[in-house]
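J.: build me a structure from this.
(one chain, ligands or ions: 1)
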Amino acid sequence: MPKITVLPHPEYAPEGKVFETQGHLSLCDALLDHGVEIEHACGKVGACTTCHVIVRQGYDSLNPPEEDEEDMLDRAWGLQPESRLSCQALVDNEDLVVEIPMYSINLEKEKPPKP
Ligand code: FES
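T.: Residues are numbered from 1 along each chain as shown. Alright, predicted model coming up:
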């Protein structure tokens, strides 16, 4: 089973986290299943950037990003060459090291209150 190492993030994994998961599910689902409550504002359909992660190790084992994902990632805060939308990245059998960026852009949350 692939091992996923989540680097420390003050909100989602203050101490960091290491867990094993089954392959062939999305990285977002793997994180959520193991208590890393990463945001997923669009319901995991690749239409926001709140589930953005940077895959520090094992990037090449993931399915390649589709063009739509790359377009969406262009709007993400802190974009890096190893950035992925975690809901679109499928875990294979290789271990991963994942960093959750310090900020995400959640347009849903940032909407002004309704009058
Ligand atoms: S949850 Fe919206 S793109 Fe992944």
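J.: quick one: name the residues of the protein near the ligand.
T.: The chain comes close to the ligand at residues 28, 40, 41, 42, 44, 46, 47, 48, 50, 51, 85, 87, as judged by CB under 6 Å from any ligand atom. Just so you know, the C-beta spots here come from the backbone N, C-alpha and C atoms, and that holds for glycine as well.
J.: let me see the ranges of the helices in this structure.
T.: Remark: helices assigned in the chain by DSSP state H are 27-33, 67-73, 107-110.
J.: show me what counts as buried in the lengthiest strand in the chain.
T.: Criterion DSSP state E: the longest strand present in the chain is strand 52-57. Within strand 52-57, the residues that count as buried by 16 or more other CB atoms under 10 Å are 52, 53, 54, 55.
J.: what sits against the closest residue to residue 100 other than its chain neighbours?
T.: Excluding its sequence neighbours, the residue lying closest to residue 100 (CB to CB, 6 or more residues apart in numbering) is residue 9, at 4.5 Å. Neighbouring residues of residue 9 by CB atoms under 8 Å, 6 or more residues apart in numbering: 99, 100, 102.
J.: contacts for stretch 23-37 next, please.
T.: By CB under 8 Å, 6+ apart, stretch 23-37 touches 1-2, 4, 6, 12-13, 17, 19, 21, 38, 40, 44, 51, 53, 55, 62, 84-93, 96, 98, 100.
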